[in-house]
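J.: Build me a structure from this.
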Amino acid sequence: MTDETSTAARAATETAYIRFESPTPHERGVRPGVFFLVNTLAREGKLTPEQRGFWRAANDWYDAAYTTPSDAYDREANPGAVAWFKATATHLIERVPGYLDILAAHGVPCRTVRSADPGRIVYEDDVQVVVVPHEGA
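T.: Sure thing, here's the model as predicted:
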């Protein structure tokens, strides 16, 4: 294996999962994800008509594009469970910037986190994992 090949392999492993989240945990100690953050703005009536149109259409698209495994978020069985995109789910990730634009317009911080090992996997499909984060993460 050449140095170039091993560097590429290491980079792919290091970014196996991607999450867009608040840098600040909420009251339950979990950092809310990008969809939760924008959904909160929508629920509070803070979106402009254009933002609301994007949000509704994009949420509908995501709902049709992949499963939301609600049982994986059971607070007793999987405390603090959060979803991460697989880095290979580019068709899902490439639509996130519209959500990030809405958050930026409202002064809501959101960070991009990459990890090869985000926690104990409690659900997995071809585009995502739901994990219970490692202690201290």
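J.: what does the average pLDDT come to for stretch 15-24?
T.: Averaging pLDDT along stretch 15-24 yields 94.
J.: What of stretch 64-81?
T.: pLDDT averaged over stretch 64-81 gives 91.
J.: Where do the helices of the protein begin and end?
T.: With helices called from DSSP state H, the chain shows them at 3-14, 34-43, 49-65, 90-93, 96-105.
J.: Can you report how many residues lie near the nearest residue to P109 once chain neighbours are set aside?
T.: Leaving aside its sequence neighbours, P109 sits nearest to P23 (C-beta to C-beta, 6 or more residues apart in numbering; 5.5 Å). C-beta coordinates here come from the backbone N, C-alpha and C atoms, glycine included. Using other C-beta atoms under 10 Å, P23 is surrounded by 9 other residues.
J.: The one 10 residues further on too?
T.: Around G33 sit 18 other residues, with neighbours defined as other C-beta under 10 Å.
J.: quick one, what contacts the residue lying closest to it once chain neighbours are set aside?
T.: Nearest residue to G33, sequence neighbours excluded (C-beta to C-beta, 6+ apart): E21, at 5.1 Å. Contacts for E21 (C-beta atoms under 8 Å, 6 or more residues apart in numbering) come out as 31-34, 82, 110-111, 113.
J.: same question, P118
T.: P118 touches 17, 19, 82, 84, 129, 131, 133-134, 137, counting by C-beta under 8 Å, 6+ apart.
J.: any idea how far it lies from A64?
T.: 25 Å (C-beta to C-beta, to the nearest Å).
J.: Then R111?
T.: R111 is 27 Å from A64, by C-beta to C-beta.
J.: Kindly report the same for E124.
T.: 20 Å.
J.: Counting neighbours, go ahead and name the busier of the two.
T.: Neighbour totals were compared for E124 and A64, and E124 leads with 14 against 7 (other C-beta under 10 Å).
J.: Which pLDDT value belongs to the more buried one?
T.: Reading off the model, E124 has pLDDT 96.
J.: With adjacent residues omitted, what lies nearest to it?
T.: E124 sits nearest to V130 (C-beta to C-beta, 6+ apart), 7.7 Å away.
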